[in-house]
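Visitor: Take a look and give me a structure for this.
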Amino acid sequence: MEMVYADASVSITELKKNPSAIIEQAEGFPVAILNHNKPAAYLVPAAAFEALLDKLEDVELAAIVKAREGQAEVEVSLDDL
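Guide: Presented below is the predicted three-dimensional model:
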């Protein structure tokens, strides 16, 4: 048994028939693309993908902040930059 991380799913055959309709019917949510009833890929709308990348960047920046927490501060003037 495989986990499907989307509320909607479609077979590759259905996707090939009319990809635009699948995207429209998804209404901005991800769609699991199934091959032989197993998830092969996920179709993620551009806006959702961009939001996901923004969140990943935030997580990476938070890790950098946490790693640098407690380090000595360095005074820098804007003119030096």
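Visitor: Residue 29 contacts residue 48, correct?
Guide: Yes: the pair residue 29 / residue 48 is scored as a contact, 7.3 Å apart, by CB atoms under 8 Å. (C-beta placed from N, C-alpha, C; glycine too.)
Visitor: and residue 8, what does it touch?
Guide: Applying CB atoms under 8 Å, 6 or more residues apart in numbering to residue 8 gives the contacts 25, 26, 29, 30, 31, 32.
Visitor: From residue 14, how far off is the nearest residue to the fifth one once chain neighbours are set aside?
Guide: Closest residue to residue 31 apart from its sequence neighbours, by CB to CB, 6 or more residues apart in numbering: residue 43 at 4.4 Å. According to CB to CB, to the nearest Å, residue 43 stands 11 Å off from residue 14.
Visitor: shared neighbours of the two, anything?
Guide: Shared contacts of residue 43 and residue 14 (CB under 8 Å, 6+ apart): residue 22.
Visitor: Show me which of the two is the more surrounded one.
Guide: Taking other CB atoms under 10 Å, residue 43 and residue 14 do not tie; residue 43 has more neighbours (19 against 14).
Visitor: mind pulling up the phi and psi values for the more buried one?
Guide: When read as degrees, to the nearest 10, the backbone of residue 43 gives phi -100, psi 110.
Visitor: could you list every residue that touches it?
Guide: 10, 15, 22, 23, 26, 30, 31, 32, 33 are the contacts of residue 43 under CB under 8 Å, 6+ apart.
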